[in-house]
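Engineer: just a sequence and a predicted model for now, questions to come.
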Amino acid sequence: MIKLKTENLTKRFLGLVAVNKVSFSMEEGEILGIIGPNGAGKTTFINLISGIIMPSEGLIEYKGTDITYMPAHERARRGIARTYQLIHPLENLTLIENVMVGSIFAKGHGLREARTKAEALCHELGLTGLDRDTSRLSIFEIKKMEIARALANEPEVLFLDEVMAGLNSDETKDLIAMVQRIALERHLAVGVIEHVMGVIRELTHRVIVLEAGELIAEGKYEEVSKNPRVVEAYLGGGTV
Ligand SMILES: Nc1ncnc2c1ncn2[C@@H]1O[C@H](COP(=O)(O)OP(=O)(O)OP(=O)(O)O)[C@@H](O)[C@H]1O
Ligand SMILES: [Mg+2]
């Protein structure tokens with residue numbers, strides 16, 4: 001079942017077309033990789049879908065409803081969640097409070113309910129020491145905290161924007177397994193932006209490739225990584 005789709009989604013910033021007529025869809029249970037060189041428009045695409053910014057043109061549909069210009073909080077309430085490339089723990093809050101924020105804002109849960117749920121999520125993700133200040137957390141813990149906060153939204157669609165960046169190989173392995181389990185158990189559609197192609201290869205069922213705002217290729221990682229246009233897009237910016 002298609003959970004989310006866009007048609008000709010476009011975002012212009014003054015003269016720059018950051019996202020250019022992108023049409024795509026995501027199905028329930030699917031882990032979709034969103035790849036492309038730096039500045040390709042990946043984060044902007046997720047910002048459009050989560051409602052942080054509004055498109056210049058095009059359509060976004062979620063579970064059959066047009067959400068193109070719906071406010072971000074309403075999209076979150078309906079089940080679209082994401083993590084941020086630039087991690088931003090709320091610094092005056094503890095680990096558990098950072099996770100609680102997810103369900104308080106998106107779902108309107110009371111404090112007690114939000115805490116119970118946040119504790120369960122932290123336990124599920126292997127987070128301990130829940131009353132620690134965020135300044136005491138490792139990068140790995142912060143990344144898991146960000147995922148827990150997104151899951152507190154009870155999402156049906158989840159976007160992870162470079163959630164593996166900065167992790168060592170053991171942590172990356174752990175997080176890949178965690179994301180796979182989370183997606184499977186919750187029947188989520190997950191969109192994964194990553195620059196590390198080993199992660200994309202292991203984690204995703206399908207990928208889309210953006211270059212200069214345009215969707216230039218789509219398919220299984222093994223096929224797409226051999227596509228001459230994709231190889232060309234990455235030349236100079238790293239290998240596929
Ligand atoms: N708010 C903004 N105002 C103006 N230009 C922007 C804005 N946000 C993004 N851009 C530009 O849009 C383009 C796409 O940026 P975006 O952050 O979406 O790329 P990305 O694919 O996520 O890159 P990276 O892999 O480096 O994270 C870039 O040229 C960027 O400078
Ligand atoms: Mg980005």
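Structural biologist: Here it is on my side, so go on. Ligands and ions are numbered 1, 2, ... in the order given.

Engineer: quick one: Lys63 and Glu156 touch, right?
Structural biologist: Yes: contact status for Lys63 versus Glu156: in contact at 7.5 Å, counting by C-beta atoms under 8 Å. No exception for glycine: its C-beta is placed from N, CA and C like everyone else's.

Engineer: which neighbours do these two have in common?
Structural biologist: Counting by C-beta atoms under 8 Å, 6 or more residues apart in numbering, the common neighbours of Lys63 and Glu156 are Lys3.

Engineer: quick one, which of those two is more surrounded?
Structural biologist: Taking neighbours as other C-beta atoms under 10 Å, Lys63 and Glu156 compare with Glu156 leading, 18 against 15.

Engineer: and that one, what does it touch?
Structural biologist: Here Glu156 is in contact with Lys3, Glu28, Lys63, Gly79, Ile80, His187, Leu188, Ala189 (C-beta under 8 Å, 6+ apart).

Engineer: ok, stretch 9-20 near ligand 2 or not?
Structural biologist: No: residues of stretch 9-20 are not located near ligand 2 by C-beta under 5 Å from the ion, the shortest gap being 10.5 Å.

Engineer: now do that stretch: distance to the chain's middle.
Structural biologist: Chain-centre distance of stretch 9-20: 20 Å, with C-alpha atoms, centre = their mean, to the nearest Å.

Engineer: send the alpha carbons of it over as PDB?
Structural biologist: The C-alpha coordinates for stretch 9-20 follow below in PDB (Å, rounded to 0.1, in the frame of the first residue of the first chain):
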ATOM      1  CA  LEU A   9       7.500  18.500  -6.100                       C
ATOM      2  CA  THR A  10       9.500  21.600  -6.500                       C
ATOM      3  CA  LYS A  11      11.200  24.100  -4.200                       C
ATOM      4  CA  ARG A  12      13.000  27.200  -5.400                       C
ATOM      5  CA  PHE A  13      15.100  29.400  -3.200                       C
ATOM      6  CA  LEU A  14      15.500  32.700  -5.100                       C
ATOM      7  CA  GLY A  15      17.400  31.600  -8.200                       C
ATOM      8  CA  LEU A  16      18.200  28.100  -7.000                       C
ATOM      9  CA  VAL A  17      16.000  25.100  -7.700                       C
ATOM     10  CA  ALA A  18      16.800  22.900  -4.700                       C
ATOM     11  CA  VAL A  19      14.100  20.300  -5.500                       C
ATOM     12  CA  ASN A  20      13.000  20.000  -9.100                       C
END
